[in-house]
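Asks: With the sequence up front, the predicted model follows.
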Amino acid sequence: MTESIRLPACRLKPSTVALPGSKSISNRTLLLAALSGNVCEIRSLLKSDDTDRMLEALGKLGVNIRFLETGRLKVHGTGGKFPNREADLFLGNAGTAFRPLTAALAVLGGDYRLHGVPRMHERPIGDLVDALLIAGADIQYLGNEHYPPLQINAFTGNGTRVIPIKGNVSSQFLTALLMALPLTGEAFEIHMVGELISKPYIDITLKLMAQFGVNIENDDYRIFKIPAGTRYHAPEVLHVEGDASSASYFLGAGLISGTPIRVTGIGLNSIQGDVAFARELEKIGAHAVWGDNFIEISRAEGQAVKAFDLDANHIPDAAMTLAVIALASGKPCTLRNIGSWRVKETDRIAAMANELRKLGAEVAEEEEAIYITPPPQLNADAAIDTYDDHRIAMCFSLVSLLGVPVTINDPKCTHKTFPTYFDVFGEITEAL
């Protein structure tokens with residue numbers, strides 16, 4: 001029987017939450033540090049299933065990693081070439097590990113098998129593989145074409161210096177290519193074909209690469225120029241920001257309840273695009289206070305949560321929290337341009353629609369949009385299925401702040417990015 005947790009109808013207590021490290025920054029930083037020519041101490045690294053898979057993979061590739069204490073470790077860089085040229089790597093359902101490692105290993109060449117859980121084998125990777133093949137990689141599909149698992153062989157290089165890549169399925173494909181091509185030492189241009197989604201995640205990649213000594217010229221997200229002769233050099237110490245996507249649940253709770261809640265670890269100077277979630281909350285009734293290392297959300301007495309119609313392409317992960325906040329508005333709400341939800345940990349548009357209906361909402365879904373009409377009264381004690389998707393489990397916890405109890409099935413799926421989430425949520429709430 002699937003484990004579950006029942007959250008009673010509750011209220012939020014004025015609280016401060018120290019965010020766990022960002023998943024996106026943690027896994028990018030681990031790989032860049034491993035490819036650098038020196039030693040890097042990483043602090044505030046996220047401890048989660050996804051980062052565990054990256055650490056395991058780097059260990060199998062021969063990277064010397066010294067664990068100092070929780071969230072703090074030293075990575076001894078390999079100078080841009082992994083010691084082990086042969087490995088079998090299991091990467092779970094960690095897209096932030098699978099996609100960049102695919103590109104790095106394909107460019108370095110060797111004898112590598114990359115695979116994951118069944119859902120990872122349903123998540124497309126063909127656009128990235130196509131780009132790597134053009135660059136001179138040798139990659140074979142071991143199952144269905146355009147999907148993992150993959151076999152990576154020697155990199156031949158073929159003199160091609162302009163690499164086209166599609167960006168309309170996942171920005172992680174471009175991130176992977178950007179991080180890998182400098183390992184060749186050659187100059188490249190990456191040309192986007194069609195629309196590039198989730199541009200703020202590319203900004204994270206470019207800013208982190210710059211911290212590791214590789215600066216990429218970016219022409220309006222259409223052409224990315226990688227200079228010749230580049231090498232990764234790690235900063236001596238690097239602090240990982242708090243996870244802005246994880247912040248969305250607590251900031252959303254502050255808006256729903258009207259009770260002030262502060263998250264620390266992100267702020268005005270964050271490199272993560274999901275801090276824009278707080279700006280969207282301001283548009284629909286939130287009062288926000290911004291600091292260098294915190295964001296605080298509350299709602300003025302008498303101020304209602306407003307309905308919204310939002311193009312959420314810039315905050316695809318945090319937008320899931322808005323789908324639950326829509327229930328607090330009492331009016332029809334729309335999230336648009338979220339087609340990437342279809343190829344995440346699950347088909348998130350279909351999953352969110354199914355679970356919102358259990359609460360009594362009317363929901364219509366399109367290929368890239370979801371329309372939510374809240375019911376006059378939410379159904380109590382709905383049992384929310386989570387589809388092995390951490391974000392579904394966390395965002396539906398907010399239903400308990402709307403006056404009804406809710407049951408979350410398989411709450412341990414949050415271990416992907418935030419293993420202690422329900423413990424923290426319990427500390428900042430009290431039953432009505």
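Replies: Nice, thanks for sending it over.

Asks: all contacts plus neighbour counts: C-alpha atoms, from now on.
Replies: Will do.

Asks: element containing the nearest residue in space to M352 that is not next to it in sequence, please.
Replies: With sequence-adjacent residues excluded and distances taken as CA to CA, 6 or more residues apart in numbering, M352 is closest to I392, at 7.4 Å. In this assignment (DSSP states H and E), I392 forms part of helix 390-396.

Asks: Contacts for that helix next, please.
Replies: 249, 317, 320-321, 324, 352, 384-386, 408-411, 413-417, 421 (CA atoms under 8 Å, 6 or more residues apart in numbering).

Asks: try 6 Å this time
Replies: For helix 390-396, contacts defined as CA atoms under 6 Å, 6 or more residues apart in numbering pick out Y249, T321, T386, C413, T414.

Asks: ditto for stretch 279-299
Replies: By CA under 6 Å, 6+ apart, the residues outside stretch 279-299 that reach it are 251, 254-255, 258-268, 305-306.

Asks: Mind doing that once more with 7 Å?
Replies: For stretch 279-299, contacts defined as CA atoms under 7 Å, 6 or more residues apart in numbering pick out 251, 254-255, 258-269, 300, 303-307.

Asks: These in strands, which ones?
Replies: Within the contacts of stretch 279-299, residues falling in strands by DSSP state E are I261, R262, V263, T264.

Asks: can you give me the helices for this structure?
Replies: Ranges of helices within the chain are 23-35, 49-60, 95-108, 126-135, 172-180, 199-211, 244-257, 276-283, 319-329, 348-358, 390-396, 421-427, based on DSSP state H.

Asks: Nearest to R342 among the ones you listed would be which one?
Replies: Among the helices of the chain, helix 348-358 comes nearest to R342, with 5.6 Å by CA to CA.

Asks: CA atoms only: put the closest one into PDB for me.
Replies: The C-alpha trace of helix 348-358 is given here as PDB (Å, rounded to 0.1, in the frame of the first residue of the first chain):
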ATOM      1  CA  ARG A 348       2.200  17.600 -15.300                       C
ATOM      2  CA  ILE A 349      -0.700  19.200 -17.200                       C
ATOM      3  CA  ALA A 350      -2.700  16.000 -17.100                       C
ATOM      4  CA  ALA A 351      -1.700  15.200 -13.500                       C
ATOM      5  CA  MET A 352      -2.500  18.600 -12.100                       C
ATOM      6  CA  ALA A 353      -5.900  18.500 -13.900                       C
ATOM      7  CA  ASN A 354      -6.700  15.100 -12.500                       C
ATOM      8  CA  GLU A 355      -5.900  16.100  -8.900                       C
ATOM      9  CA  LEU A 356      -7.500  19.500  -9.000                       C
ATOM     10  CA  ARG A 357     -10.700  17.800 -10.100                       C
ATOM     11  CA  LYS A 358     -10.600  15.700  -7.000                       C
END
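
Asks: could you give the angle of it to helix 319-329?
Replies: 20 degrees (axes from the mean of the first three to the mean of the last three CA atoms, to 10 degrees).

Asks: residues contacting L401?
Replies: A9, C10, R11, S257.

Asks: What is the nearest of those to I216?
Replies: Distances from I216 to these, taken by CA to CA, are shortest for S257, at 43.1 Å.

Asks: Give me the pLDDT value at that closest one.
Replies: Reading off the confidence values, S257 has pLDDT 97.

Asks: wait, it sits on L12?
Replies: Yes - contact criterion CA atoms under 7 Å: S257 and L12 qualify, at 6.5 Å.

Asks: Those two: which has the busier surroundings?
Replies: A direct count of neighbours by other CA atoms under 10 Å for S257 and L12 places L12 higher, at 24 against 20.
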